[in-house]
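# Need coordinates for the below:
(one chain, ligands or ions: 4)
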Amino acid sequence: MLTNRDIADIFEKCANLLQLKGESIHRYLAYQRAAETIRELPRDLRAISAEKGLVDLPNIGKTLAEKIDEMLTTGKLAFYEKLTAEIPVGLIDIMNINGVGPKKAMLFYQELGITTVEALKSAAAAGKLRDLPGMGAKSEQKVLEGIASLSRHTGRISIGIALPSAQAILDELLRLPNVLEGALAGSIRRGKPTIGDIDILIAVADMAHAPAIMDYFVAMPIVARILGHGETKSSIELQNGLQADLRVLVKQKWGTALNYFSGSKEHNVRMRQLALAKGLSLNEHAFSPVDADGNILEDAPKIYCDTEEAVYAQVGLPFIPPELREDAGEIEAAQRGELPNLITLNDIKGDLHMHTTYSDGVASIQQMAEEAYARGRQYIVITDHSRSLGIANGLSIERLLAQQAEVRHVDALMYGKIRVFHGTEMDINADGSLDYPDDVLAKLDFVIASLHVSLRQDRDKITQRLLNAIQNPHVDMIGHLTARYIPDREPVDADMDVVFDSVKAHGKVLEINANPRRLDIDASYVRRAVDMGILLAINTDAHQPSHLDLMPYGVMTARRGWAEARHVLNTYPTDEFIKWMESKR
Ligand code: DGT
Ligand code: CA
Ligand code: CA
Ligand code: ZN
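Residues are numbered from 1 along each chain as shown. Ligands and ions are numbered 1, 2, ... in the order given. Next up is the predicted model:
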């Protein structure tokens, strides 16, 4: 069964194929606009068709309505198939390469029979394009660059890379004259672990100030390539391959624009539905009154919102934090007045997982304590690797006990500033055994058990290893439960239903590892833990002092999982954390 998106995609491809054929602009734009209408649609096309309402949609006339019905009933479109018989669909990808376009795509096809990006790449590399009419060595090089940027963009980028570079750009823009307001929007603002592109918004009092801001943006030293340079929107490719979009708008529209460009698309769809139910059409600019058929009443005054609070108030909702905006129940919770009181970075009091020079860290116990104190932490736990993890210089029992003496010494030195506790990040061995015996674990303040080796074992084995750790009375927390590594290491395969049940039954803590390469457990598991009443902890797993600054990524992940401060162990004040540890003895 075709979805709205499938149908929009087919229309989009028709538009592209018509463009390749050299059809008039109004002909292919009709398909393009229809595709856009369908992408924005808050309702299922099937339902609209059943009510005979297709022709009432913007940009959909009788012919296109018939084509939609054809796709809904047959799952195919004869018109599209006829087009693909004339023109290979592979040319669509080629025409969309930066610096190619429909005319050149057809030229490469007709002269050289090129129908795939791969074939185009080889031809360009072999110098076969430069002699074609209208081409030269320079435009051939451009094609290669276009293909290279294509492949750099297919992979999403870790928020740990995207957020600092986005923040640096925003900070520069905020220093420009006439900038009233600025923010990061899109998936970065929602705290997603990986980012497709950076979205930046800037507000000005008057659009006459926009060109200077745009000119500055596209000329920044970190720009590798300018992808677009306009009055209201510009796009650049950064040296690190990320794309950044900047939009400049008048302050009057700040609320609607920030809301729209923060997304998610799914959340936006729900917001538009709520607006429509109140007789208003909502877009990035304003709310516009509509008639009973949903057509905008051009004479009626538009409603502008310069804050997001005002946008939500207009549809009868309280402000919804960006991390929740995934259409995952946040609208309903807001309607019931039951939005969670999300944890913030300020709630974090301690950090329960970090490494020192005893294993694979670069700083001493004392340095880590000083650095954590400088960042406002009230307590930390020193948790170096255990004896079997040779590559990380894991601690023998003797070294572990010697370390305990040093931890106690540093704790005494730092007394009144920060408390320093002694723990371990103990390996769950490949055979399922734990890396220290119980009598050693009993001497520690806080015990983490983690998977580091044999991560590709089958589901039963991994599940059993985790259960062995969870069932040990001395283990307090499971570190980075799934052991995923972004972008290239998949989570372990375990029966997480069974694992979570066991964590709950044994009163264990699940870590949210804040390192942006891990973010483990992820937001969906956080939400499951919260729903089940499992206690969480957000830790940096710092191997050097600067890693102590990674805490915000863990907090974002917790927020995306609907966690409140009370769900997170290291929000407890020191005395309550000590009481919690004592209750586990
Ligand atoms: P990304 O960049 O893939 O990590 O994810 P986003 O969410 O940043 O998406 P992006 O950059 O394509 O667009 C930024 C926001 O703009 C998006 O979250 C919602 C809004 N937006 C963009 N295109 C559309 C659209 O076609 N429909 C709707 N409803 N919203 C859109
Ligand atoms: Ca984005
Ligand atoms: Ca974008
Ligand atoms: Zn670890």
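
# show me what contacts the spatially most central residue of the chain?
Using CA atoms, centre = their mean, the residue of the chain that lies closest to the mean C-alpha position is Lys192, 2.1 Å off. Lys192 sits next to 159, 560 when contact means CB atoms under 8 Å, 6 or more residues apart in numbering. C-beta: built from backbone N, CA, C; applies to glycine.

# what kind of secondary structure is it in?
Following DSSP: H, G, I helix; E, B strand; the rest coil, Lys192 is assigned to coil.

# what pLDDT does it get?
On the pLDDT scale, Lys192 is placed at 97.

# burial of Pro221, as a residue count?
Look at Pro221: counted by other CB atoms under 10 Å, it has 5 neighbours.

# Am I right that it sits in a helix?
No - checked against three-state DSSP, Pro221 lies outside a helix; its state is coil.

# phi, psi of it?
phi -60, psi -30 (degrees, to the nearest 10).

# how close does it sit to ligand 1?
23 Å (CB to the nearest ligand atom, to the nearest Å).

# list the contacts for that residue?
Per CB under 8 Å, 6+ apart, neighbours of Pro221: none.

# Roughly how far does Glu86 sit from Ala35?
Distance, Glu86 to Ala35, using CB to CB, to the nearest Å: 20 Å.

# okay, the two: which has more neighbours?
Neighbours per residue (other CB under 10 Å) separate Glu86 from Ala35, with Ala35 holding more: 22 against 9.

# any idea which helix or strand comes after whichever strand or helix holds the more buried one?
Applying DSSP states H and E as the criterion places Ala35 in helix 25-40. Where DSSP H and E defines the elements, the next helix or strand beyond helix 25-40 is helix 45-50.

# what residues go with each domain of this protein?
4-151, 157-255, 260-336, 345-583 (automatic domain parsing).

# Number of residues surrounding the single nearest residue of the stretch 101-250 of the chain relative to ligand 2?
The stretch 101-250 of the chain approaches ligand 2 most closely through Gly186 (3.2 Å), counting by CB to the ion. By other CB under 10 Å, the residues close to Gly186 number 23.

# And Ile397, by the same measure?
14.

# wouldn't it be in contact with Asp439 here?
No - with contacts counted by CB atoms under 8 Å, Ile397 stays clear of Asp439, the gap being 9.6 Å.

# Next one: the residue nearest to Asn472 when sequence neighbours are not counted from Met426, what distance?
In space, Asn472 comes closest to Leu434 once its chain neighbours are excluded; the distance is 6.0 Å by CB to CB, 6 or more residues apart in numbering. For Leu434, the distance to Met426 equals 6 Å [CB to CB].

# So which of these two has more stuff around it?
Between Leu434 and Met426, Met426 has the larger neighbour count (other CB under 10 Å), namely 31 against 21.

# got the phi/psi numbers for the more buried one?
phi -90, psi 140.

# list the contacts for Ile380?
Taking CB under 8 Å, 6+ apart, one finds 350-352, 354, 368-369, 372, 418-421 in contact with Ile380.

# of those, closest to ligand 3?
Asp351 (33.7 Å).

# wait, isn't that closest one in contact with His547?
No - between Asp351 and His547 there is no contact under CB under 8 Å: 9.9 Å.

# any common contacting residues for these two?
With CB under 8 Å, 6+ apart as the test, Asp351 and His547 both reach Thr540.

# what packs against the helix or strand hosting Met106?
For Met106, the host element (DSSP H and E) is helix 101-112. Helix 101-112 is packed against helix 4-21, helix 90-95, helix 117-125, with contacts defined by 3 or more CB pairs under 8 Å, 6 or more residues apart in numbering; DSSP states H and E.

# how much space between the residue of the stretch 351-500 of the chain found nearest ligand 3 and Ile222?
Residue of the stretch 351-500 of the chain nearest ligand 3, by CB to the ion: Pro487 (19.5 Å). Taking CB to CB as the measure, Pro487 falls 22 Å from Ile222.

# Now for this protein, the helix or strand with the poorest mean pLDDT.
helix 137-154 (a mean of 80; mean pLDDT, DSSP states H and E).

# and it, how far from the chain's centre?
Mean-position distance between helix 137-154 and its chain equals 26 Å (CA atoms, centre = their mean, to the nearest Å).

# Can you add distance to Ile448, pLDDT and neighbour count and give the contacts of Ile380 back as a markdown table?
Compiled in a markdown table, the contacts of Ile380 are given as follows (distance: CB to CB, whole Å; pLDDT from 0 to 100; neighbours: other CB atoms under 10 Å):
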| residue | distance to Ile448 | pLDDT | neighbour count |
| --- | --- | --- | --- |
| Gly350 | 14 | 98 | 23 |
| Asp351 | 12 | 98 | 28 |
| Leu352 | 7 | 98 | 27 |
| Met354 | 11 | 98 | 28 |
| Met368 | 16 | 98 | 28 |
| Ala369 | 18 | 98 | 26 |
| Ala372 | 17 | 98 | 24 |
| Ile418 | 19 | 98 | 21 |
| Arg419 | 18 | 98 | 21 |
| Val420 | 16 | 98 | 26 |
| Phe421 | 12 | 98 | 21 |
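
# possible to save these as CSV with secondary structure and distance to ligand 2?
Listed next are the contacts of Ile380 as CSV, based on DSSP: H, G, I helix; E, B strand; the rest coil; distance: CB to the ion, whole Å:
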residue, secondary structure, distance to ligand 2
Gly350, strand, 33
Asp351, strand, 30
Leu352, coil, 33
Met354, strand, 32
Met368, helix, 35
Ala369, helix, 39
Ala372, helix, 33
Ile418, coil, 38
Arg419, strand, 41
Val420, strand, 41
Phe421, strand, 40
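
# which of those lies closest to ligand 1?
Nearest to ligand 1 out of the contacts of Ile380 is Asp351 (CB to the nearest ligand atom; 28.4 Å).

# ok, and the closest non-adjacent residue to that closest one?
Using CB to CB, 6+ apart, the nearest residue to Asp351 is Ile380, at 5.0 Å.

# what secondary structure does the one you found sit in?
Once three-state DSSP is applied, Ile380 turns out strand.

# where in the chain is pLDDT low?
Residue ranges of the chain with pLDDT under 70: 40, 42, 151-155, 488.

# Run a quick neighbour tally on Leu455.
17.

# Assumed it was part of a helix.
No - looking at Leu455 with three-state DSSP, it is coil, so not inside a helix.

# Wait, it touches Arg484, no?
No - applying CB under 8 Å as the test, Leu455 and Arg484 come out as separate, 9.3 Å apart.

# any common contacting residues for those two?
Val492.

# Phi and psi next, for Ile428.
According to degrees, to the nearest 10, Ile428 has phi -90, psi 110.

# List the residues that contact the nearest residue to Leu57 once chain neighbours are set aside.
Leaving aside its sequence neighbours, Leu57 sits nearest to Thr37 (CB to CB, 6+ apart; 5.7 Å). By CB under 8 Å, 6+ apart, Thr37 lies in contact with 57-60.

# cutoff 6 Å now
The contact partners of Thr37, by CB atoms under 6 Å, 6 or more residues apart in numbering, come to 57-59.
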